[in-house]
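1. any chance you could fold what I've pasted below:
(2 chains)
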Amino acid sequence: DTGVTQSPTHLIKTRGQQVTLRCSPISGHKSVSWYQQVLGQGPQFIFQYYEKEERGRGNFPDRFSARQFPNYSSELNVNALLLGDSALYLCASSLWGEANQPQHFGDGTRLSIL
Amino acid sequence: ILNVEQSPQSLHVQEGDSTNFTCSFPSSNFYALHWYRWETAKSPEALFVMTLNGDEKKKGRISATLNTKEGYSYLYIKGSQPEDSATYLCASFGQAGTALIFGKGTTLSVSS
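-> The predicted structure follows:
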């Protein structure tokens, strides 16, 4: 079984640029969540999508947006990048996004802003 | 805002020692409590998902308990091995069960 895959693995951008991160969930999983993890902190919730609809949004500015496609893959977009956006971005999938279902994480995309 | 707290922040034990970590979370509007293990250069791996007060889960030498009334969970590792070295994250669901809120984690280092 293929796990959650994320691309790219690493990315370097400059301030003000825009970035798109991609995630493919485990086959059969219909929910995808995005998290931002900075050193010394736990992953911080950004979005949850289920069946192409946004089900939850964390405390992030409108520069952050996401979408889920009919094949359940997802993209996270960040506009007008700031130095503080440098982080590891994790994608996780679960069957239906229910609280009692474990989340399966990808290896993440390491984003560095210069 | 849902705050999930973990202690200790880090822990160093000898091979064979048993250890435990604490996770505290707001007891109101509780949905589920998750534990994940995150090894260096790997992705977080789910250990347990617990939903009921008094739940006890076990996987090999690792077990966890849940008290939803007082808002805490314990993770126990019996006879620690070097391969148990990792960061252990707990997380509770907030925002009407849509957002998994993580603590900062407990980093365990086991020396042989």
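
2. where does chain B have low pLDDT?
-> Within chain B, the segments meeting pLDDT under 70 span B:1, B:95-97.

3. mind doing that once more with 80?
-> B:1-2, B:94-98 (pLDDT under 80).

4. near chain A, which residues of it?
-> By Cβ under 8 Å from any Cβ of the partner chain, the residues of chain B that approach chain A are B:4, B:31-32, B:34, B:36, B:42-46, B:49, B:51, B:89, B:91, B:93, B:95-105. Where you see a C-beta, it was placed from the backbone N, CA and C, and this is true even at glycine.

5. and the residues you listed, which are buried?
-> Among the residues of chain B next to chain A, those classed as buried by 16 or more other Cβ atoms under 10 Å in any protein chain shown are B:4, B:31-32, B:34, B:36, B:43-44, B:46, B:49, B:89, B:91, B:93, B:95, B:97-105.

6. which residues of chain A lie near chain B?
-> Residues of chain A lying near chain B (Cβ under 8 Å from any Cβ): A:3-4, A:33, A:35, A:40-45, A:48, A:55-56, A:58, A:90, A:92, A:97-108.

7. just the ones of those in helices?
-> Assigned to helices by DSSP state H, none of these qualify.

8. give the buried subset of the residues you listed as a ChimeraX selection command.
-> For the buried members of the residues of chain A next to chain B, the matching ChimeraX selection, counting by 16+ other Cβ under 10 Å, is:
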select /A:4,33,35,42,43,44,45,48,55,56,58,90,92,97,99,101,102,103,104,105,106,107,108
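
9. in strands, which of the residues of chain A next to chain B fall?
-> Counting by DSSP state E, the part of those found in strands is A:33, A:35, A:44-45, A:48, A:55-56, A:90, A:92, A:104-105.

10. for the residue most central in space within chain A, which residues are in contact?
-> Ranked by distance to the mean C-alpha position of chain A (Cα atoms, centre = their mean), the top residue is residue A:34 at 3.0 Å. By Cβ atoms under 8 Å, 6 or more residues apart in numbering or on different chains, residue A:34 lies in contact with A:23, A:45-48, A:66, A:74, A:76, A:89-92.
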